[in-house]
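>>> Test case, fold it:
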Amino acid sequence: MEHILFLTGHLARPSLQRVLSRIEPAPFTWEVRDLGLQVAGLMTADMIRRRVTLPVSGVDRIILPGRCRGDMEALSQHFGIAVQRGPEELKDLPLFFNRAASPITLDEYEVAIFAEIVDAPRLGVAEILARAARLRADGADVIDLGCLPETKFGHLAESIQALKAAGFRVSVDSVDPAELLCGGRAGADYLLSLNLDTLWVADEVSSVPVLIPRVPADEASLHEAVERMQREGREFLADPILEPIPFGFATSLVRYHRLRERLPEAPIMMGVGNLTELTEADTSGINALLFGICAELDVAAVLTTQVSNHARRAVKEADWARRIMHAARRHQTLPKGMSDALMTVHAKRPFLDTPEEIGATAAQVRDPNFRVQVSACGLHVYNRDGLRTGQGAFELWPQLGLEDDAAHAFYMGVELAHAEIAHKLGKRYVQDQPLDWGCAVERRAEDADGWCAQGPTLARRKTTEEPFK
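Predicted structure coming up:
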């Protein structure tokens, strides 16, 4: 059985031992070694080289706190065994080992994302190209140029040609056959949307048509259009039209299901904007549900928009949703434990520590620096002078005695505000770290291997108890 050495600091050692002892059945044996520092988050690769003597006998792998900085590959070569960062929070160790045992990657997906630029006629070619680049960066596969009723799009052909020259796949979305013809002749890859009455446009161009019923309830007209394309051996996408709540949403889902049963191999498109744009709710959850439906129905493409302010991340959310739901379907597992990207408001495990555990840690602190932690009961602030608890920043502020220390007061104000938000929403809080908003907010990638502080580790820093603290 593999034997793992866990490196940590004074404050975290009891908690780490407690967490490891509760992993059952543990697929490894373990030991914990205190490197002689109080906060394990200050651990660096250079320190580990100095404080862990060679050879490390009887150990198959070394696991470090998740925020330890330094080159793991160099450490592995130095010790002659694998050296690896663990999770950033020690209480995530059970999940860390479960994922390592059965990893599921999110590299694959099947649903193509059509991202519509709804006001394309009002934008110049350069603006369209810039918008398309942002949409592609968020995950779009096809840039959809949305035409507007009674609005001239004189630069439609030029826009398509510029997008194609820049390497984009392009679709044109219009109810005007003349615009669809123009788009097809300019090289558009797809035309949205043709019904049985306008299907003649598809005979004039090589673009792939997206077929819709004459009206949403007229399933027969959609089936007839599909069957015609099949007889002619033409590519197509079929869209039964997803309607908004409460104007036929459930009925339209039934139509998608009937189409899939009638035509098991037909490529289907679903336009999700009627839900994401017209429902005032967080779109990350709406996208998760809709892409779960798409996975079950084997939908080939989704058309989405980013018009309403609350839907401004729809493409990025769609990209995450299609990957998660594809993985769930492929591995026949629930869409859980793969990624927190769509959990933008809440956290699955927000409060890792109990008030009793925080109190035990606080009792060990001998320096004046404040630590801030959050439990289900509220906010906890402690240093050598004691532990304070409360529900928010304004309640705790008078207990800190920082009236004459502006810099420290500002820092603690920011941290307590973050902690209060985390407590109220049910998010995970870690001192000195930004709150995690999933895919809603970009987090700057940090190269943990590329930076390693030099010199002694006794420099004082205001910080929380870190992982393996």
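>>> Now do the phi/psi pair for V208.
phi -80, psi 120 (degrees, to the nearest 10).
>>> can you count the residues close to it?
19 (other Cβ atoms under 10 Å). C-beta here means a position set from N, CA and C on the backbone, and glycine is covered the same way.
>>> Contact partners for it?
In this structure, V208 makes contact with 189-191, 234-237, judged by Cβ atoms under 8 Å, 6 or more residues apart in numbering.
>>> Next, give me the two most distant ones among those residues.
D189 and R234 (13.7 Å; Cβ to Cβ).
>>> picking up where we left off before, and the contacts of V208, which are buried?
By neighbour count, with 16 or more other Cβ atoms under 10 Å, those hold 189-191, 236-237 as buried.
>>> Helix or strand: which one has the most centrally placed residue in the chain?
Taking Cα atoms, centre = their mean, the centroid of the chain lies closest to A341, which sits 2.1 Å from it. In the assignment (DSSP states H and E), A341 maps to no helix and no strand.
>>> and it, how far is that from S15?
Going from A341 to S15 by Cβ to Cβ, to the nearest Å gives 28 Å.
>>> And for A225?
For A225, the distance to S15 - Cβ to Cβ - is 63 Å.
>>> When the two are compared, which one has more neighbours?
A225 (24 against 21).
>>> Which strand or helix spans that one?
Using DSSP H and E, the element containing A225 is helix 219-231.
>>> again with I143
Following DSSP H and E, one finds I143 within strand 142-146.
>>> Toward the C-terminus from that strand, list the very next helix or strand.
Next helix or strand after strand 142-146 toward the C-terminus (DSSP H and E): helix 156-165.
>>> so how far is that next one off the chain centroid?
The chain centre lies 32 Å from the centre of helix 156-165; the measure is Cα atoms, centre = their mean, to the nearest Å.
>>> Can you give the contact residues for that helix?
Outside helix 156-165, the residues touching it (Cβ under 8 Å, 6+ apart) are 120-121, 125, 128-129, 132, 143, 145, 147, 170, 172, 179, 182-183, 185-188.
>>> 10 Å instead?
117, 120-121, 123-129, 132, 143, 145, 147, 153, 155, 168-172, 174, 179-180, 182-189 (Cβ atoms under 10 Å, 6 or more residues apart in numbering).
>>> With stretch 213-224 instead?
193, 195-199, 211-212, 225, 238-243, 247-248, 251-252, 254-255, 258-259, 262-263, 266.
>>> any idea how far E204 is from T53?
Distance of T53 to E204, given as Cβ to Cβ: 79 Å.
>>> Which one's more surrounded, those two?
The residue with more neighbours, out of T53 and E204, is E204; 12 against 7, by other Cβ under 10 Å.
>>> how much space between the more buried one and L192?
Computed as Cβ to Cβ, the E204 to L192 distance reads 16 Å.
>>> which residues of the stretch 301-450 of the chain score low on pLDDT?
Within the stretch 301-450 of the chain, the segments meeting pLDDT under 70 span 445-450.
>>> So which residues of it form helices?
Assigned by DSSP state H, counting those that start in this stretch, the helices in the stretch 301-450 of the chain fall at 314-331, 355-362, 393-396, 406-425.
>>> same check, this time on the stretch 51-200 of the chain
Going by DSSP H, counting those that start in this stretch, the stretch 51-200 of the chain shows helices at 72-79, 93-101, 125-138, 156-165, 177-185, 200-204.
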